[in-house]
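Asks: Take a look and give me a structure for this.
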Amino acid sequence: MGVFLETGRLELRAFTEVDAADVLALDGDPEVMRFVNGGRPTTERVVREETLPRLMRRYACWGLPGYWAAREPMGGGFLGWFEFRPVDERESAVVELGYRLNRAAWGRGYATEGARALIDRGFEELGVERVTANTMAVNVRSRRVMVKAGLRFVRRFTEEWPELIEGGEHGEVEYGLSRAEWTRGR
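Replies: Below is the predicted model:
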């Protein structure tokens with residue numbers, strides 16, 4: 001599969017085995033992983049056996065992956081990835097939005113740009129009725145991206161996690177956007 005979605009500064013395409021080194025470098029950065037697992041780097045074995053298969057998985061309701069490698073256009077560097085996957089693999093009505101970008105891409109608007117483009121594609125072409133996104137309550141940068149992408153705060157909640165991550169005691173937050181809200185905001 002070639003480019004799935006292109007913006008002015010991003011190309012999103014399906015992951016392949018060739019992306020293993022880029023994913024390993026991304027998931028090896030303690031700051032990138034801070035709100036994921038407390039900052040522990042992911043091992044090469046985990047990337048090859050667990051992470052990459054998850055990133056390459058296709059969802060039956062679309063016949064498409066739910067994770068997209070983000071690169072700068074025309075052979076530019078790997079920036080990270082975006083998640084836009086059905087919550088229920090059998091239907092596309094509700095999708096989860098997520099992103100993980102390398103530190104060099106932080107603060108440059110890539111997360112908002114990619115999130116907005118995926119949301120638009122989802123509502124315009126993929127039969128999406130609702131987009132949802134979650135993060136730790138203390139992850140202010142990610143929450144800011146969600147708002148800039150058009151999502152609204154839904155709720156604060158807590159979940160039981162096998163390991164406590166610093167800041168986890170403040171819980172998680174959910175943001176969301178319905179098709180009707182998206183249409184009104186256009």
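Asks: Now do the closest residue to Pro41 other than its chain neighbours against Arg54, distance only.
Replies: Using C-beta to C-beta, 6 or more residues apart in numbering and skipping the chain neighbours, the partner closest in space to Pro41 is Gly28 (4.2 Å). C-beta: built from backbone N, CA, C; applies to glycine. Summarising the geometry, the distance separating Gly28 from Arg54, computed by C-beta to C-beta, to the nearest Å, is 17 Å.
Asks: Surely the residue nearest to Pro41 is in contact with Glu44?
Replies: No - with contact taken as C-beta atoms under 8 Å, Gly28 and Glu44 are classed as non-touching, separated by 9.0 Å.
Asks: shaky segments in this protein?
Replies: Counting by pLDDT under 70, the chain contains low-confidence ranges at 1.
Asks: Which residue ranges of it form helices?
Replies: According to DSSP state H, the chain carries its helices in the segments 20-27, 34-37, 44-46, 52-56, 110-125, 140-148, 179-185.
Asks: and of the ones you listed, who's closest to Glu6?
Replies: Glu6 sits nearest to helix 110-125 of all the helices of the chain, at 8.2 Å, using C-beta to C-beta.
Asks: from the middle of its chain, how far away would the closest one be?
Replies: Average the C-alpha atoms of helix 110-125, do the same for its chain, and the two points are 11 Å apart (C-alpha atoms, centre = their mean, to the nearest Å).
Asks: got a list of contacts for that helix?
Replies: By C-beta atoms under 8 Å, 6 or more residues apart in numbering, the list of residues contacting helix 110-125 from outside reads 5, 7-10, 12, 68, 70, 79-80, 82, 84, 92, 95, 97, 99, 101, 105, 128, 131, 142, 145-146, 148-150, 177, 179, 182-183.
Asks: Can you list which of those residues are found in strands?
Replies: Among the contacts of helix 110-125, the subset assigned to strands under DSSP state E consists of 5, 12, 68, 70, 79-80, 82, 84, 95, 97, 99, 101, 131, 177.
Asks: And those residues, which two are furthest apart?
Replies: Taking every pair in those and measuring C-beta to C-beta, the maximum separation is 23.1 Å, between Leu79 and Leu177.
Asks: Which one's more surrounded, these two?
Replies: Each of Leu79 and Leu177 has its neighbours counted (other C-beta atoms under 10 Å); Leu79 has more, 26 against 23.
Asks: need the contact list for that one.
Replies: For Leu79, the residues meeting the contact criterion (C-beta under 8 Å, 6+ apart) are 10, 70-72, 101-102, 104-105, 110.
Asks: ok, and the most crowded of the residues you listed?
Replies: Neighbour counts for the contacts of Leu79, by other C-beta under 10 Å, peak at Ala70, which reaches 27 neighbours.
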